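A.B. asks: From the sequence below, what's the structure:
(one chain, ligands or ions: 1)
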Amino acid sequence: MLNANVLVLNRLWQAVNICSAKRAFCLLYQGHAQAVTENAGSFTTFTFDDWKDFSQDAPDEESVRTISFKVKIPHVILLLFYDHLPAREVKFTRKNIYERDGNRCQYCGKKFDTRDLNLDHVVPLGRGGKTTWDNVVCSCLPCNTHKGGRLLREAGMKLIRRPRKPRWQRFILVRFSSHMHDSWKHFLDIAYWNVELGEEIR
Ligand SMILES: [Zn+2]
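C.D. replies: Numbering: from 1, shown residues only. Presented below is the predicted three-dimensional model:
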């Protein structure tokens with residue numbers, strides 16, 4: 001019971017984590033968080049004491065009992081002092097570069113199968129280019145061959161957009177399966193959750 005999953009929202013009501021019921025109770029008790037309930041699309045927040053009162057009518061199977069009172073396990077809690085999203089670095093991997101570029105050759109703009117694309121150094125290594133987010137792009141084989149070891153202007157080529165490090169963030173790692181509670185859905189459905197990252201991207 002104390003291991004039940006609780007969705008954690010930051011001060012801006014953005015889903016940032018999942019914690020155990022035990023941890024959620026600590027945060028509530030310490031006044032760092034409030035419990036959140038949803039009823040027909042509107043949300044109510046509860047301090048620990050309010051929550052204790054509210055819990056008295058809750059079914060036993062959704063509650064834990066202490067010696068003196070019973071308290072319902074919240075599905076969602078709201079942190080009162082935390083307004084960050086957990087920052088996660090996007091790893092500089094082949095897969096992530098393909099993902100960033102949408103499997104599109106950054107020179108001719110056409111879309112290809114992964115196997116028909118190469119990674120190309122915009123400024124070639126031999127000309128002082130680095131292996132970094134802003135100098136490595138997806139390129140189809142013909143464009144890659146045409147460009148060879150030349151700079152863009154030497155080859156008369158252009159990038160369809162300037163490469164940069166993506167700002168993807170994986171907010172929380174929720175598997176949409178057994179442990180997902182209905183009342184989480186609202187928070188997980190909204191736009192910021194729909195990050196561009198594919199599920200397979202690490
Ligand atoms: Zn191309």
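
A.B. asks: count of residues packed around residue 96?
C.D. replies: Here the count is done by other Cβ atoms under 10 Å, and residue 96 has 19 residues near it. C-betas here are computed from N, CA, C, even on glycine.

A.B. asks: Also residue 133?
C.D. replies: Residue 133: 16 surrounding residues under other Cβ under 10 Å.

A.B. asks: SS state for the closest residue to residue 48 other than its chain neighbours?
C.D. replies: Nearest non-adjacent residue to residue 48, counting by Cβ to Cβ, 6 or more residues apart in numbering: residue 28, 4.6 Å away. The assignment at residue 28 comes out as helix when based on DSSP: H, G, I helix; E, B strand; the rest coil.

A.B. asks: Equivalent analysis for residue 78, please.
C.D. replies: strand.

A.B. asks: So it versus the ion, what's the distance?
C.D. replies: In this view, residue 78 and the ion are 48 Å apart by Cβ to the ion, to the nearest Å.

A.B. asks: so that residue makes contact with residue 13?
C.D. replies: Yes. Taking contact to mean Cβ atoms under 8 Å, the distance of 6.8 Å between residue 78 and residue 13 places them in contact.

A.B. asks: Tell me which of these two has more neighbours.
C.D. replies: Using other Cβ under 10 Å as the criterion, residue 78 and residue 13 rank with residue 78 on top: 23 against 14.

A.B. asks: need the contact list for the more buried one.
C.D. replies: Shown here is residue 78, whose contacts under the criterion Cβ atoms under 8 Å, 6 or more residues apart in numbering are 9, 11, 13, 33-36, 45.
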